[in-house]
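Novice: What follows is a predicted structure for the sequence shown.
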Amino acid sequence: MITCPSCGFEIKRNDFVFCPKCGTKLSERPSAKPSKKSTLNNAEHRQNSQAKTLDIKVIYGLVIGGVLIIFTVLYLSGVFDATKIPEKNPMNFNNPQQQSQQPGVNLSAIQKINELEAKVKANPDDHQSLLELAHLRMDSGFYEQAIQNYKTYLNHHPDDADVRIDMGVCYFNLKDFNTAIKEMEKALQYQPRHQIGHLNLGVVNLNAGNLEKAKEYFKKAVDINPNSEAGKKAQQLLTSH
């Protein structure tokens with residue numbers, strides 16, 4: 001109950017805004033005190049809020065922990081190591097596709113290259129060491145230097161089809177497709193049934209945009225020996241293009 005400040009009439013607090021007896025506007029009604037029940041609900045709400053916050057932190061912890069575990073596993077497995085130079089493939093000398101995938105210069109071979117270079121300078125007639133130097137430079141990504149060594153070797157052995165195709169592979173890796181085609185075609189003049197030479201000419205022409213010429217060389221490579229590795233690769237490329 002509240003009392004009208006003008007006439008003293010007692011009125012129920014929540015029923016009237018103006019005094020029903022004199023019409024005086026009653027004062028602002030005080031807000032009700034919170035009950036024990038609402039206080040308890042507020043406490044429960046705070047507890048629930050704290051529980052939710054704790055759950056989120058736990059989730060974040062699990063996620064971060066999982067990421068750290070994955071990172072550790074990848075690190076130990078060598079995923080983040082520097083790109084490794086692939087081991088020498090027997091087909092590297094005569095496969096421009098594989099050569100084009102070389103990740104870069106192989107610096108680990110520099111010592112051996114220096115030794116071979118000194119050996120060749122000391123004995124220019126040591127053509128076998130010269131050829132080994134050319135091959136090693138090509139495998140290590142020194143294509144321009146390898147070409148110079150191949151040219152010197154071919155001056156003495158112009159009919160070596162394998163070496164001429166190797167030099168063509170170097171030109172291919174330097175994106176000089178026209179010269180690569182020229183050298184490989186010259187190699188076929190000395191050895192017309194050079195299967196890898198036909199396969200490589202197909203690959204070079206394919207990269208140069210000469211699709212019909214590429215198909216022609218792939219077909220010839222298959223005809224020479226369809227069961228060899230080079231023949232199967234040529235058939236695969238022929239089918240896919």
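Specialist: That came through, no problem.

Novice: following the helix or strand of the chain with the lowest mean pLDDT, which helix or strand shows up next?
Specialist: Ranked by mean pLDDT, DSSP states H and E, the helix or strand of the chain with the weakest confidence is helix 96-99, at a mean of 42. Counting by DSSP states H and E, the element after helix 96-99 in chain order, helix or strand, is helix 110-122.

Novice: what comes up buried for the helix or strand following that next one?
Specialist: Using DSSP H and E, the helix or strand that follows helix 110-122 towards the C-terminus is helix 127-139. Using 16 or more other CB atoms under 10 Å as the test for burial, helix 127-139 gives His127, Ser129, Leu130, Leu131, Glu132, Leu133, Ala134, His135, Leu136, Arg137, Met138, Asp139. To be clear about C-beta, it is placed using only N, CA and C from the backbone, and glycine gets the same treatment.

Novice: out of the residues you listed, who's nearest Phe218?
Specialist: Met138 (23.8 Å; CB to CB).

Novice: Do me a favour and get the end-to-end distance for stretch 130-146?
Specialist: 10 Å (CA to CA, to the nearest Å).

Novice: contacts for the strand or helix carrying Val222?
Specialist: Val222 is part of helix 211-224, with elements assigned from DSSP H and E. By CB atoms under 8 Å, 6 or more residues apart in numbering, the residues outside helix 211-224 that reach it are 193, 195-196, 198-199, 201-203, 205-206, 230-231, 234-235, 237-238, 241.

Novice: at 7 Å instead, please
Specialist: 193, 195, 198-199, 201-202, 205-206, 230-231, 234-235, 237-238, 241 (CB atoms under 7 Å, 6 or more residues apart in numbering).

Novice: So which of these are in helices?
Specialist: 195, 198-199, 201-202, 205-206, 230-231, 234-235, 237-238 (DSSP state H).

Novice: Quickly list the domain ranges of the protein.
Specialist: Dividing the chain into domains by automatic domain parsing, as the record does, gives the ranges 1-32, 34-81, 92-240.

Novice: Just the buried subset of the contacts of helix 211-224, written out for ChimeraX, thanks.
Specialist: Remark: buried members of those, expressed as a ChimeraX selection using 16+ other CB under 10 Å:
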select :195,198,199,201,202,205,206,230,231,234,237,238
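
Novice: For Ser6, state which of the contacts of helix 211-224 is nearest.
Specialist: His241 (103.8 Å).

Novice: In contact with the closest one, which residues?
Specialist: His241 sits in contact with Leu206, Leu211, Ala214, Lys215, where contact means CB under 7 Å, 6+ apart.

Novice: Please report how far the last one lies from Leu199.
Specialist: When you say that, I think you mean Lys215. Lys215 sits 12 Å away from Leu199, going by CB to CB, to the nearest Å.

Novice: overlap in contacts of the two?
Specialist: By CB under 7 Å, 6+ apart, no residue touches both Lys215 and Leu199.

Novice: any idea of the pLDDT on the residue lying closest to Lys233 once chain neighbours are set aside?
Specialist: Leaving aside its chain neighbours, Lys233 sits nearest to Leu199 (6.2 Å; criterion: CB to CB, 6 or more residues apart in numbering). Listed pLDDT for Leu199 reads 96.

Novice: if we can go back for a sec, and the buried ones among the contacts of His241, selectable in ChimeraX?
Specialist: In ChimeraX, selecting the buried portion of those, with burial taken from 16+ other CB under 10 Å, looks like this:
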select :206,214,215
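
Novice: Many thanks, have a good one.
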